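Visitor: Sharing a sequence plus its predicted fold:
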Amino acid sequence: MTLAWWRGSSRNVRVGAAAGQVLLVVALAVAPVSAAFNAEALDAAARALPKLHSLLVSHRGTVVFERYYNGARADRPANVKSASKSVVSALVGIAIERGLIPGVRTPIATYFPAVATDPAKRRITVEDLLTMRPGLEGTSGRQYGAWVTSRNWVDYALARPMLAAPGVSMDYSTGNTHLLSAILTKAAKQSTLRFANDALARPLGFRLPPWPTDPQGIYFGGNDMLMTPRQLLAFGELYLRGGRVNGRQVVPAAWVAKSCEGRPRELPSWARGAGPGGVPDPLRDRGYGYAWWVHHLGGHDTCFAWGYGGQYVFVVPGLDLVIVTTASPNVSEERRDHRRQVVEMLTRLVVEPLAP
């Protein structure tokens, strides 16, 4: 699936930050939100979700809904879990644009010489890590605990056996994006945190706090990043505007478009039917780009960042729409059918009312 990326807006969306507060300011008057959009009905539906922490909706550059639930606050950073992967992807795109990384076809052996002795691993590229197709056995799922308790996360991920040729099949693994964080650290000659703040967060008007590192001090690439819901909204707006904010091209427009080209993935046998409790996964047939998921909401193409427990940034170009949700990061979405309820709520009470 490839999104026809919407780039027609000249709106100047600015984010300012002070004492942890982030405010979206739109410099151009926009048409009022559709009368079909019912904020109170949306709020009532959101309150019925016991794990939901926040729900924000930006339409045509204006925040039309912002509510917090179950003790969450606007100024309290959320653990965005694997939505961090989409942020790491943006940083890789910026690093390539700046010439710090030659390009997506760069072999990872450039940064990890030890793999050069293995003919199969020598073929793995930066793009293979971005698309979760390096062919390495993954470090997520049942392998996750052994990986994050190892003495060297980078070496552990690189030492996994090859299960397929690079670039052939997708195997979702946080180890892949952690390797990207290690590459950024080497290429930029600074920590991923510092590069993220200077290259991405600062242009958006905020600052990222430190998040966990591996035993070698490399910032976790793909998990446990801390962002407020408003900061997530600003990040989504950046992608909606083709990587631009305040007239500045922060992320290359071509990188944004490429990130949202959804490559199909082969579903494991256990995921082809209904999910837990016999309920089908509403996002089951999603594709995967450069660490962004690609699917649709209410029939409208969407590119989205996704973290465990229900951390979402939905970007819907055709409707000039960004939706952010955060939720408890400690409970799987499937256990209480949270994912299905969120998708149905957003489709019925946000996307359909705001569609032309």
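Guide: Cool, got the structure.
Visitor: Please work out how many residues are found near residue 286.
Guide: 18 (other CB atoms under 10 Å). C-beta: built from backbone N, CA, C; applies to glycine.
Visitor: and the residue lying closest to it once chain neighbours are set aside, backbone torsions?
Guide: Excluding the flanking residues, the one nearest residue 286 by CB to CB, 6 or more residues apart in numbering is residue 295, at 4.1 Å. When read as degrees, to the nearest 10, the backbone of residue 295 gives phi -160, psi -140.
Visitor: Tell me if I'm right that residue 295 and residue 288 touch.
Guide: No. Residue 295 is beyond contact range of residue 288, at 10.0 Å (criterion: CB atoms under 8 Å).
Visitor: Check the contact lists of these two and give me the overlap.
Guide: Residues touching both residue 295 and residue 288 (CB atoms under 8 Å, 6 or more residues apart in numbering) are residue 262.
Visitor: quick one: the strands in the stretch 151-300 of the chain?
Guide: In the stretch 151-300 of the chain, the segments counted as strands under DSSP state E, counting those that start in this stretch are 226-227, 244-245, 248-249, 287-288, 293-297, 300-307.
Visitor: Out of the ones you listed, the one nearest residue 145 is which?
Guide: Among the strands of the stretch 151-300 of the chain, strand 300-307 comes nearest to residue 145, with 18.6 Å by CB to CB.
Visitor: mind listing the strands for the stretch 1-150 of the chain?
Guide: Using DSSP E, counting those that start in this stretch, strands in the stretch 1-150 of the chain cover 13-18, 21-26, 52-59, 62-68, 78-79.
Visitor: just checking, what packs against the fourth one?
Guide: The elements that strand 62-68 packs onto, with contact taken as 3 or more CB pairs under 8 Å, 6 or more residues apart in numbering; DSSP states H and E, are strand 21-26, helix 39-47, strand 52-59, helix 229-240.
Visitor: ok, now how distant is residue 111 from residue 57?
Guide: Counting by CB to CB, to the nearest Å, the gap from residue 111 to residue 57 is 40 Å.
Visitor: More neighbours: which of the two?
Guide: Using other CB under 10 Å, the more surrounded residue of residue 111 and residue 57 is residue 57, with 26 against 19.
Visitor: can you put the strands of the stretch 151-300 of the chain in JSON lines and add distance to residue 261?
Guide: Formatted as JSON lines, those follow (distance: least, CB to CB, whole Å):
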{"stretch": "strand 226-227", "distance to residue 261": "25"}
{"stretch": "strand 244-245", "distance to residue 261": "19"}
{"stretch": "strand 248-249", "distance to residue 261": "19"}
{"stretch": "strand 287-288", "distance to residue 261": "8"}
{"stretch": "strand 293-297", "distance to residue 261": "7"}
{"stretch": "strand 300-307", "distance to residue 261": "9"}
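Visitor: So which of those strands is the most surrounded?
Guide: strand 300-307 (a mean of 24; mean count of other CB atoms under 10 Å).
Visitor: Which residues outside it are in contact with it?
Guide: Contacts made with strand 300-307 from outside it, assessed by CB under 8 Å, 6+ apart, are listed as 1, 3-4, 79-87, 232, 235-236, 239, 259-260, 262, 289, 292-296, 311-319, 329, 351, 355.
Visitor: Looking at those, which are in helices?
Guide: 84-87, 232, 235-236, 239, 259 (DSSP state H).
Visitor: Now a ChimeraX select for only the buried ones of these.
Guide: Listed next is the ChimeraX selection for buried residues among these, using 16 or more other CB atoms under 10 Å:
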select :84,85,86,87,232,235,236,239,259
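Visitor: any chance of the ones in helices among the contacts of strand 300-307 in JSON lines, plus distance to residue 137 and pLDDT?
Guide: Listed next are these as JSON lines, based on distance: CB to CB, whole Å; pLDDT from 0 to 100:
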{"residue": "84", "distance to residue 137": "22", "pLDDT": "98"}
{"residue": "85", "distance to residue 137": "18", "pLDDT": "98"}
{"residue": "86", "distance to residue 137": "23", "pLDDT": "98"}
{"residue": "87", "distance to residue 137": "25", "pLDDT": "98"}
{"residue": "232", "distance to residue 137": "31", "pLDDT": "98"}
{"residue": "235", "distance to residue 137": "31", "pLDDT": "98"}
{"residue": "236", "distance to residue 137": "32", "pLDDT": "98"}
{"residue": "239", "distance to residue 137": "31", "pLDDT": "98"}
{"residue": "259", "distance to residue 137": "25", "pLDDT": "97"}
